[in-house]
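J.: Need a 3D model of the following:
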Amino acid sequence: MTSLPTILERLEAAQGADNDLDIEIAKHFGLSVRDDGWIEAENPMEPDYPGLLPAPMFTASIDAALALVERELPEWQCIYLASEWQGLSTSKRDEEFRCTLGRGVHSYVVAEGKGASLPLAILTALIKAKISEGETV
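T.: Predicted coordinates for the structure are as follows:
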């Protein structure tokens with residue numbers, strides 16, 4: 001299993017969706033993902049033959065990234081999501097995304113993430129929050 005600091009480094013370097021990183025994140029957080037990126041799921045129509053579902057696309061989907069935050073940090077909430085341009089250019093490559101997660105009613109404890117997309121910023125904040133709570137492996 002990949003350590004959280006290693007996942008954080010990959011998230012900070014990512015420039016967009018990354019299926020291999022999605023699989024590493026899914027495995028780290030306990031989803032039983034096969035190496036080919038599929039999850040075996042119960043098939044209610046044929047119990048002896050499980051179905052296959054694609055692994056969640058955490059790095060491509062805001063919804064999937066926020067669902068992972070809710071699952072892994074139920075006491076935390078997203079308190080800030082933003083897209084910011086650097087300098088005067090409105091070029092896509094100059095855009096930076098930010099996410100701040102807070103814990104508690106008044107969000108005294110926060111974890112901030114930034115990335116090339118909103119899902120990457122959300123995941124970066126999630127990993128930083130988990131590390132701040134003492135989880136590194």
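
J.: Contacts only, for residue 114.
T.: 96-99, 121, 124 (Cβ atoms under 8 Å, 6 or more residues apart in numbering). For every residue, glycine as well, the C-beta is placed using N, CA and C.

J.: and what of residue 65?
T.: 58-59, 118-119, 122-123, 126.

J.: Counting neighbours, which bits of the helix or strand harbouring it end up buried?
T.: Taking DSSP states H and E as the criterion, the element that holds residue 65 is helix 62-72. Within helix 62-72, the residues that qualify as buried are 62, 64-66, 68-69, 72, counting by 16 or more other Cβ atoms under 10 Å.

J.: partner residues bridging residue 80?
T.: Here residue 80 sits in beta bridges with residue 100, going by DSSP bridges.

J.: burial count for it?
T.: 14 (other Cβ atoms under 10 Å).

J.: what do you get for residue 100?
T.: Considering only other Cβ under 10 Å, residue 100 is surrounded by 19 other residues.

J.: Please tell me I have it right and it contacts residue 110.
T.: Yes - counting by Cβ atoms under 8 Å, residue 100 touches residue 110, with 5.5 Å between them.
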